[in-house]
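1. sequence first, then the predicted structure:
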Amino acid sequence: ARTASCALLIGRIYDDGGNRMTPTHAQKSGRRYRYYISSALSQGRPEEAGSVPRIAAQSIEPLVISALREHGPDQAGDDRTLVKGSLERVTVCAGSIEITLVQGDQPEEAAEPDAPTLPPRVISIAWRPTPLRRAREIILPTPEDCADRRPIRAETRATLLRAIASGRCWLDEIVSGTVAGPAEIAAREGCSPRRVSMLISLAFLAPDLVRAAVEGRLPRGVGLTRLVDPPLAWSEQWRMLGLSRQSAPKHSH
């Protein structure tokens, strides 16, 4: 797949939960955006994902390449050659990027059976994740929405849950290479690539937010339109909705 071939860090990037991160992409307004996502997330185990389950390729790849050119054992060649020869592993944490370099030749005495081997060389770069879609912040609830604490309507909830299920399924197809991207899914489903990308974004919702939707505990006014293209941080998703994680109304039958 083209996404995989463009991904410089494929096979070498992990979240801080120890899960490998795999390349994926989204298309918007004719532009292609590349990401790495935690395999725990793409496999439907969001609770096992690290603190940063998704990261834009353009955010991390330049940082890693710059560090390798400055500190790597082999600084020659193009970016892909540099990664292959110098990078052992990169771990994405909430406050830093941890880059483990390939070990150079061990000293001659290290060949002895009892001789200690050199520890891996790790470079730590201070870093903070930024929301991938800042424009989403302008969609704010009205005062009436904030005051309406009735549970989500049953039909709205059903539509939302179907959309979340579709988004997760489509993301899995893209990550596994079953399809080339949103455009192929759109042609198959008879909808626009933008709609496919919107529903795929629902796969990145906080697990407790999805659980609240399943249990009918989200307030009225919170539906598909409000939840597509969510911020990266799960806590920010709740804040975007004007809710605390404890404030979703209890569902009354």
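-> Yep, it's here.
2. can you give me the strands for this structure?
-> 13-15, 21-28, 31-38, 54-56, 87-92, 96-101, 122-126 (DSSP state E).
3. how about these, which one is nearest residue 162?
-> strand 21-28 (20.3 Å; C-beta to C-beta). Backbone N, C-alpha and C define where each C-beta goes, glycine included.
4. how far off centre is the closest one?
-> Mean C-alpha position of strand 21-28 versus that of the full chain (C-alpha atoms, centre = their mean, to the nearest Å) differs by 9 Å.
5. and it, what does it pack against?
-> Strand 21-28 is packed against helix 2-6, strand 13-15, strand 31-38, helix 39-42, helix 154-176, helix 182-189, helix 193-201, with contacts defined by 3 or more C-beta pairs under 8 Å, 6 or more residues apart in numbering; DSSP states H and E.
6. confidence-wise, which of these is weakest overall?
-> Lowest mean pLDDT within the helices and strands packed on strand 21-28: helix 2-6, a mean of 53.
7. what comes into contact with stretch 171-179?
-> 1, 3-4, 22, 24-25, 37, 42-44, 170, 181-182, 185, 188, 200, 203 (C-beta atoms under 8 Å, 6 or more residues apart in numbering).
8. which of the residues you listed count as buried?
-> Neighbour counting over those (16 or more other C-beta atoms under 10 Å) leaves 1, 3, 22, 24-25, 37, 42-43, 170, 181-182, 185, 200, 203 as the buried ones.
9. now the residues you listed as a markdown table including distance to residue 89?
-> Output for the buried ones among the contacts of stretch 171-179, formatted as a markdown table (distance: C-beta to C-beta, whole Å):
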| residue | distance to residue 89 |
| --- | --- |
| 1 | 23 |
| 3 | 21 |
| 22 | 15 |
| 24 | 20 |
| 25 | 23 |
| 37 | 17 |
| 42 | 19 |
| 43 | 20 |
| 170 | 29 |
| 181 | 27 |
| 182 | 30 |
| 185 | 32 |
| 200 | 27 |
| 203 | 25 |
